[in-house]
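Student: only geometry, no sequence info:
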């Protein structure tokens, strides 16, 4: 079932910038580094605000990110229409320097929609796609169903596929046996794991280390620990706000300067928790405003944080020396 | 916040067939009775099969249902495009006798999409809409956010709104305080509760009994118990297969023939569990085939049940005297 | 494995008062009716207060309970020493009229401790024992382990055994297949189910209806619903406070006066939720004081409810007409 | 509430062997290093087998452990009587070389029982006690209750106290705010965290780094990651089987040899998962037999692993090069 011939040559033909030699089988997409899963700015009327997006992108271009994730969970992608999803990716690709990767979230509930969205994202310029586990029928999303889904998507995708497991939103984890099988697919190059189970992250690296498969931490709270067990980078909501420090943490980990890394990691845990599991996207957007980016409103039903939540949020940044 | 003026007169103007006098404030939509949340037939290529849908509808018209729910969880609505969702409702309304209610699932993740889909569903002929809780950002879907969402939708909806809580799929329950506040909205007429917490169902009836608010059981497994504590009907996946017996169970409950009701209820628990939480939509569709309806394939990533699952499924029906 | 011969005659020899003919195999213990799982009064120094216990018992003797459960979850049994557990049962049996059943909680984590405690409870005068699922190693407490445990206990118990499933405290449910197998044991006469899943309760009745097996609701919140699907009684924390109304609810259900039952059931849901899952044993003991019983302090680490919790608690009783 | 005067001088007077200077406030107990939470050997009749225990201890004395944990979760302590619990600790202390720490699990459900057991454990020679969160009334075990509990225990304990959070068994986590407050108590010296949330472990180190407070990883699966974020050691079930490799992993982490550490960590994840969350204590005891230790039977209701589970277990060790 795994690895349809149609997809087999794909990785060889995509853009060369991020390729490194691997297994003698041609260049592969090197995912290593830090990515902000960018927030999507809206106007007061909840329409897309492309001007603010553009200004954020210009600022992000100054930070040594490996690239951007467009339409990860923090991008409010379930609130965007199909046209909006594609258009945002198109504009990000146009704006961003060529040497920055654009990884676009193309996951939908059905396989057929995900296949089509993946093609459209590639057409809009995405270098890779990030495909979340479908989740509505979570009781039926076992290894068999998920392996089938991701295989279909990877078989037809014009660009490399990164698996995406985010149980806080989906209520399910991509099972380890499915990860191991899917890692063998020539067009599946990695996993973003946002669950934060570091034992599982270590195991995913261990079980796929003979393959061209790269694991990315899905949150800044366990970024250093993930590096310690073999992850190659991180897609971190907090990078929308504290991109520089996160890239610094990456550098310290890569250079093996663990003592310094630890001090920096500690200071990032509380701000990260505040803008992710505790207060979510509305808090992330509020914090972006404090740090010189455009956050702005969320689309409803997401509500702005309250005054007292904003005070707690500020405290989480200031008590760790960021404000 | 609750109850925008724009919506206030709506219930008075919609179709009169299902109205009964209430609170001297004009007729209301009477929801009482049994509804199958109909499955959506697909061809082998996973395209919509309108012919098979039509044949199912003709059979359902012979069963004393109060109406049909189109695009409840069992309708695979997250796998349908917007156009498909509307078109299916339009065809159901055209096919179904006028005295049967069409309740259409119009829930989307964002408020703006739900508002628009609700309008389109009403335009396609829906008598009422069933609006599921948004759930992707489940950590932020508290009473405040959900109350805001449903109020916006109800304010602008041309037809009455039924709240829909289905934690097995969404990972969250509509909180009781939100139910109590929303029940006061003139355009919100009821709740479909699929969680099965009978204490909560009883409490929802108790706390809203001074209002025009009706509670429907969301599964056949607790239908009789729900009647016992004041529910007025049920939206039951199993009604796609055993519609007659479920309408008979309704009649026994309404007539207070509890001993007979109990015997019938008992025999429905295992078949119901099999086609819902244990084996899901693919099993529901398989069982439909056995009972003379068109079930057929699911859209991927839902996979057909295995041979051994099919045997268990058959056993759940046969050991209770249905096969 | 099920049903050792040694235990086979046991039920025939225990006290005759509560026996009725069944299956031609001799009298059985009739469990039908309402039981308060009595609270354990302590002094300010957290010592057992037998005088207060005695006074509570004299009041309970005036209420048409079927009997008392001593050392259910609400009895703080995990905080009592083995000696205290036995002594409390001994005193309850001495004080209580002969025609009231004493059902004693004898569950411990290990099988050997449970066997011994069961013998001691019978020796202290218990008419039956209530045996909770062991739970510390919850990941290993599957059907195999639990069936083995309860079978060992029932084989050696001098009195009939009632299974006890209380997931809110134990984090696990006794699986349905284990219930069905254990119900065949001649010395296992019933199940107290506190989980509140009414579908499951109905199924437990249905699957064991050919046996001498009786199901008791484990909470007042779903008592009427449980009667509707075939339960024969209830062990309800709230009966410590509102024993009369709960016995009245029992009578209405038994007599088939469902409309009146429903009105009463509704008024019991919120007080019940307050003294169980929302505020727990400390709230139960506070409410007992308001209604003329001795509640008093809990043993630490249970803490008294706060002032604001006490106000909410009072509101839950008063808004439903009980205060 | 925190820090009763009576306890203030305690840490200064206990045995000096493991003390190091800290904060100029006198010596403290240095917890750093690896501990097996030893299994308790039973005979075929489920009686304590002190001879086998003794033989295990002699082998453990050859491994560079910091000490032993007696009656952690893997010691089946909930299945031991009070007398057995104390006697096992007494024998371990007698047998073990003086320079090895004995950390004894003294947690019970009630505060008064835990206080008494703590005193008895100290009397039997424990150098420190490990106190698990009480958990039966988990809905009431909030920060207030748990802070009160641990403070009472620490106030009266003759030896230093280590907090113990093990959600897989207890169904609750010791909240971070309680950890931060309890870390200020002069007689509370550390935390064993078995939950495996590495973000939380990092945060616990960060929030208490100004205090004499040490964090131990509660499982081998995340030991290296825990070191990376500041833990000082580990209490690892797997150390009953692979004690040498775990001490080697400790050494590599302490010396900053992260690449080598990673390779070793990877090989330990699957064996560890097998003997903990997947197959539990019975599998741990089986694996001990393979590696030259006495494991033997568990007390019921724990059941031996099945033949097919034993094969999987062996595979988890052999595929990682340990068998």
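Tutor: Now that the structure is in, tell me what you want to look at. In this text the structure is predicted, and so the values were computed from the model without any measurement.
Student: low-confidence ranges, the stretch 1-150 of chain A, go.
Tutor: A:1-27 (pLDDT under 70).
Student: which residue ranges of it form helices?
Tutor: A:10-13, A:50-60, A:82-95, A:111-123, A:143-156 (DSSP state H, counting those that start in this stretch).
Student: okay, those in CSV with distance to residue B:273 next?
Tutor: Where C-beta positions appear, they are placed from N, C-alpha and C, glycine not excepted. CSV is the format used below for the helices of the stretch 1-150 of chain A (distance: least, C-beta to C-beta, whole Å):
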stretch, distance to residue B:273
helix A:10-13, 44
helix A:50-60, 48
helix A:82-95, 36
helix A:111-123, 27
helix A:143-156, 20
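Student: want to throw the ones you listed into CSV with distance to chain B?
Tutor: Output for the helices of the stretch 1-150 of chain A, formatted as CSV (distance: least, C-beta to the nearest C-beta, whole Å):
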stretch, distance to chain B
helix A:10-13, 21
helix A:50-60, 18
helix A:82-95, 9
helix A:111-123, 4
helix A:143-156, 4
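Student: let's have those helices in JSON lines, adding distance to residue C:216 and mean neighbour count.
Tutor: Listed next are those as JSON lines, based on distance: least, C-beta to C-beta, whole Å; neighbours: other C-beta atoms under 10 Å in any protein chain shown:
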{"stretch": "helix A:10-13", "distance to residue C:216": "63", "mean neighbour count": "16"}
{"stretch": "helix A:50-60", "distance to residue C:216": "61", "mean neighbour count": "17"}
{"stretch": "helix A:82-95", "distance to residue C:216": "54", "mean neighbour count": "18"}
{"stretch": "helix A:111-123", "distance to residue C:216": "47", "mean neighbour count": "21"}
{"stretch": "helix A:143-156", "distance to residue C:216": "40", "mean neighbour count": "22"}
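Student: of all those helices, which lies closest to chain C?
Tutor: Proximity to chain C, assessed across the helices of the stretch 1-150 of chain A by C-beta to the nearest C-beta, is greatest for helix A:143-156 (20.5 Å).
Student: for the closest one, packing partners?
Tutor: helix A:111-123, strand A:161-165, helix A:176-182 (3 or more C-beta pairs under 8 Å, 6 or more residues apart in numbering or on different chains; DSSP states H and E).
Student: and for the residue nearest the centre of chain A, nearest residue in space, chain neighbours not counted?
Tutor: In chain A, the C-alpha nearest the mean C-alpha coordinate belongs to residue A:235, at 4.3 Å (C-alpha atoms, centre = their mean). Distance criterion C-beta to C-beta, 6 or more residues apart in numbering or on different chains; nearest residue to residue A:235, sequence neighbours excluded, is residue A:35 at 4.6 Å.
Student: returning to that earlier point: tell me which of the helices of the stretch 1-150 of chain A lies nearest to residue D:166.
Tutor: helix A:143-156 (28.5 Å; C-beta to C-beta).
Student: centre of the chain to the closest one, how far?
Tutor: 19 Å (C-alpha atoms, centre = their mean, to the nearest Å).
Student: what is the orientation angle of that helix with strand A:161-165?
Tutor: 150 degrees (axes from the mean of the first three to the mean of the last three C-alpha atoms, to 10 degrees).
Student: dump the helices and strands packed on helix A:143-156 into a markdown table; add distance to residue A:130 as well.
Tutor: Formatted as a markdown table, the helices and strands packed on helix A:143-156 follow (distance: least, C-beta to C-beta, whole Å):
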| stretch | distance to residue A:130 |
| --- | --- |
| helix A:111-123 | 9 |
| strand A:161-165 | 5 |
| helix A:176-182 | 14 |
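Student: out of the ones you listed, nearest to chain D?
Tutor: Of all the helices and strands packed on helix A:143-156, helix A:176-182 comes closest under C-beta to the nearest C-beta, at 9.8 Å.
Student: do the closest one and chain B meet?
Tutor: No: for helix A:176-182 and chain B, the contact criterion (C-beta under 8 Å from any C-beta of the partner chain) is not met; the two come no nearer than 11.5 Å.
Student: residues near the residue nearest to residue A:29 when sequence neighbours are not counted, how many?
Tutor: Computed as C-beta to C-beta, 6+ apart, the closest residue to residue A:29 that is not its neighbour in sequence is residue A:160, at 4.9 Å. By the criterion of other C-beta atoms under 10 Å in any protein chain shown, residue A:160 has 27 neighbours.
Student: how about the one 5 residues further on?
Tutor: Residues within reach of residue A:165, counting by other C-beta under 10 Å, total 23.
Student: tell me the spacing between the residue lying closest to it once chain neighbours are set aside and chain D.
Tutor: Of all residues not flanking residue A:165 in the chain, residue A:174 sits nearest, at 4.0 Å (C-beta to C-beta, 6+ apart). Residue A:174 sits 17 Å away from chain D, going by C-beta to the nearest C-beta, to the nearest Å.
Student: just residue A:97 next, same as before
Tutor: Distance of residue A:97 to chain D, given as C-beta to the nearest C-beta: 32 Å.
Student: pull the contacting residues for that residue.
Tutor: Going by C-beta atoms under 8 Å, 6 or more residues apart in numbering or on different chains, residue A:97 touches residue A:61.
Student: then residue A:167?
Tutor: Contacts of residue A:167 by C-beta under 8 Å, 6+ apart are A:173, A:194-195.
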